[in-house]
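*Asks:* turn this into a model:
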Amino acid sequence: MSDRVPARLPALLGREHAILAFNRRVLAQAQRADVPLLERLRYICIVSSNLDEFFEVRFADVLEAARAGDAGASRRELAAVAAEAHRLIDAQYAVFNDELTPLLQREGIVILNHAERDAAQREWVARFFQKQVRPLLVPVGLDPAHPFPQVANKSLNFIVRLSGNDAFGRANAIAIVKVPRVLPRVIRLPDALAPGRQAFVLLTSVIRAHLGELFPGREVEAFSQFRVTRDSDLDVDEADVKNLRQALRTGLTTRHFGQAIRLEVVATCPDELSAFLLRQFALPEAALYKVNGPVNLGRLNQLIDQAEAPGLRFPAYEPVWPQRRLPRESSIFARLRERDVLLHHPFESFEPVVEFLREAVHDPEVLAIKQTIYRTGSESPLMEALIEAARRGKEVMVVVELKARFDEEANINWAERLEAVGAQVVYGIVGLKTHAKLLLVTRREGGSLRRYAHLSTGNYNPKTARLYTDIGYLTADPELTADADAVFQQLASLGKTRPLRALLQAPFTLHRRSVQLIERVAEAARAGRPARIVVKINALTDTVLIEKLMRAAQAGASIDLIVRGACMLPPGIPGATERIRVRSVVGRFLEHSRVLYFRWGEGEDDEVLYLSSADWMGRNMFRRIEVAWAVRDAALRQRVIDECLVPYLHDRQDAWVQLPDGRYERVATDGVSAQQALMCLYGG
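*Replies:* Numbers count the residues shown, from 1 in each chain. As a prediction, this is how the structure comes out:
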């Protein structure tokens, strides 16, 4: 089909629906009999965490659009997204109640409510309440002098309706009890009280059993747990502040009290109490979620952590050190002078990256270290190494992204510690998040300076490096390292840099070059040459890139998209996207690597493969600092193809295929698993 008379392109799929569809796939993991039972429960928790972020960020935008935009269309979209969210949450609780809870009981792991506890267990719970819980509770009776209290985002609370009069003879019927966040949400009973079983009680059940003790002389007529989710975007006008770090630290104190978006109550909550709460939070009926079980299933992670049942978890997997390519006993710098080293996490250890930095810290010939930080966690050996480097007198520059959502506080704390020891800390570019993953070391060698770099598709976080699939790239390539240095210079000085030779950078060249590569493949297809695109990313929502992919498919290119999360491109539509296949892999590890492969002919020079920190989303292309780099070494390029693309295109255990209407179907329930195959490849 020629692009000269382009066919009409199909409408794109809704982004919010695509996000919820991804969480449907995560929920399906909790229903798999071949997944260990506690891991199935963990997927339930992951869905809860994902949905919290969905409401805090994405649904808040939908709600705002409904209020500010075309009332009819926006409200219909709001209603459709809310309805799908309700169905997903109902399904989540059904899986927990009807499937997982009976299976856990069969394994001797039980969550006992008040009615199920025997006399000895109730006595223990009563003592626990009196000693550990009651001293921290401050019930608030509502009246004109005691208005409805501030309720923090995602905090746990009780609403209580009381009979009779208070101590001052007044009939104020409603009280609110805040549950302190310092208390554990899941408490294990002593083994002696549950012989042969592991018995747990939820904090809400403990408080529920003793609510009456909080209101002496009055009777509790009705009650419910409740939890409100709020808009959590930090409202900071970067162009108007003089110190972004101080402004963000101030903003963090108000984030917990943003606009209410969702109200969760238990299914038994009386209508009058839920209606009262909706009025307090100025929410419509559609924002009410009555759940058949504990509010916030995500807290059951504490049960998973406490349960003693190794057979109900995934077998332990220890990432391997790439001894053949990077011998432990040799200098990493010396090895990189011979060849580039590619690391495939979590199958290969993240420790070589830590050792690369540590070697730089202790090497007297290393003069300067520069690194970007997006999500590194509250504890980080890399950040400690940078602090040590500054103490040793090396030139240390760290680009700390203060606006990494939900990691702002940890990043601010690291920035302050780095500055305290003399490191140069910059916060990127106003209006743009620095999402690129770069670590650059400058070393004196003979009479000149030589640079070494680490580039990555994922964060500098050793913990998530054991859970996420990512590619790390260690190199001494002069062009790559010079480009990395140019990016750091630009981030610090804000000046124009020379054209980059080996790196693509957002918001300047990454989007444009991606479009050019797609068009080049389309041109090859029209000429009858081999034309192939395989892209592995986490999300595909950029409308220009989607349109270019659809046009390339119409021209005859064969396109495979491995998109873990939201994908707005509808595949498989005759005459439009039938040459495009979209699949999503949801397994033990979170798919996170970004790999871009393009072929436009039969020659060795007719293909290119990029690794990237960016997904194909508008925000990544135009509102972030991102980088992508071509893998020039033919052997390493083939390795990326063989490990990051081919197994995922043939996965028949964890893969889903996307249908034209946005729904997904599992490819199969048995057969090869890409992640399992890679674990076996690396000896796990």
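
*Asks:* quick one: average pLDDT of the longest helix along the chain?
*Replies:* Under DSSP state H, the helix in the chain containing the largest number of residues is helix 71-94. Helix 71-94 comes out with an average pLDDT of 89.

*Asks:* what's the answer for stretch 468-486, then?
*Replies:* Stretch 468-486 comes out at a mean pLDDT of 98.

*Asks:* for it, buried residues please.
*Replies:* 468-477, 480-486 (16 or more other Cβ atoms under 10 Å). C-beta here means a position set from N, CA and C on the backbone, and glycine is covered the same way.

*Asks:* start to end distance for that stretch?
*Replies:* End-to-end span of stretch 468-486 (Cα to Cα, to the nearest Å): 29 Å.

*Asks:* in helices, which of the buried residues of stretch 468-486 fall?
*Replies:* Among the buried residues of stretch 468-486, DSSP H puts 480-486 in helices.

*Asks:* redo these as a markdown table? Include distance to Ile261.
*Replies:* Shown next, in a markdown table, are these (distance: Cβ to Cβ, whole Å):
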| residue | distance to Ile261 |
| --- | --- |
| Leu480 | 43 |
| Thr481 | 45 |
| Ala482 | 46 |
| Asp483 | 42 |
| Ala484 | 40 |
| Asp485 | 43 |
| Ala486 | 42 |
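
*Asks:* which neighbouring elements make contact with the longest helix of the chain?
*Replies:* In terms of contacts (3 or more Cβ pairs under 8 Å, 6 or more residues apart in numbering; DSSP states H and E), helix 71-94 is packed against helix 15-29, helix 37-53, helix 60-68, strand 288-291.

*Asks:* tell me which of the ones you listed lies nearest to Gln105.
*Replies:* helix 37-53 (10.8 Å; Cβ to Cβ).

*Asks:* give me the residues contacting the closest one.
*Replies:* 22-23, 26-27, 29-32, 35, 85, 88-89, 92, 95-96, 100, 103-104, 107, 154, 229, 296-301, 303-304, 307, 309, 312-314, 406, 588 (Cβ atoms under 8 Å, 6 or more residues apart in numbering).

*Asks:* out of those residues, which end up buried?
*Replies:* Buried among these (16+ other Cβ under 10 Å): 22-23, 26-27, 29-30, 35, 85, 88-89, 92, 95-96, 100, 104, 154, 229, 296-301, 303-304, 307, 312, 588.

*Asks:* what's the angle between the longest helix of the chain and helix 60-68?
*Replies:* Interaxial angle of helix 71-94 relative to helix 60-68 (axes from the mean of the first three to the mean of the last three Cα atoms, to 10 degrees): 150 degrees.

*Asks:* now helix 71-94: how far from the chain's centre is it?
*Replies:* Computed by Cα atoms, centre = their mean, to the nearest Å, the separation of helix 71-94 from the middle of its chain amounts to 22 Å.

*Asks:* any regions of the protein where pLDDT drops low?
*Replies:* For the chain, applying pLDDT under 70 flags the ranges 1-7, 67-72, 145, 169, 233-256, 403-407, 684.

*Asks:* after the longest helix of the chain, which helix or strand is next?
*Replies:* Sequence order places helix 101-106 as the next helix or strand after helix 71-94, per DSSP states H and E.

*Asks:* which helices and strands sit right next to that following helix?
*Replies:* Using 3+ Cβ pairs under 8 Å, 6+ apart, helix 101-106 sits against helix 37-53, strand 109-111.

*Asks:* mean neighbour count added to those, as TSV?
*Replies:* Listed next are these as TSV, based on neighbours: other Cβ atoms under 10 Å:
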stretch	mean neighbour count
helix 37-53	21
strand 109-111	20
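
*Asks:* nearest to Phe200, of those?
*Replies:* strand 109-111 (5.1 Å).

*Asks:* what are the buried residues along whichever helix or strand comes after that closest one?
*Replies:* The helix or strand immediately downstream of strand 109-111 is helix 119-128, counting by DSSP H and E. For helix 119-128, burial by neighbour count (16+ other Cβ under 10 Å) applies to 121, 124-125, 128.

*Asks:* show residues contacting the helix or strand just after helix 119-128.
*Replies:* Counting by DSSP H and E, the next helix or strand C-terminal to helix 119-128 is strand 140-141. By Cβ under 8 Å, 6+ apart, the residues outside strand 140-141 that reach it are 146, 149, 162, 166, 172, 174-178.

*Asks:* just the element for Val582, please.
*Replies:* strand 580-585.

*Asks:* who does that strand touch, helix- and strand-wise?
*Replies:* helix 543-555, strand 558-563, helix 646-649, strand 655-658.

*Asks:* how about the ones you listed, which one is nearest Ala65?
*Replies:* Each of these has some distance to Ala65 by Cβ to Cβ; the shortest is helix 543-555, at 16.3 Å.
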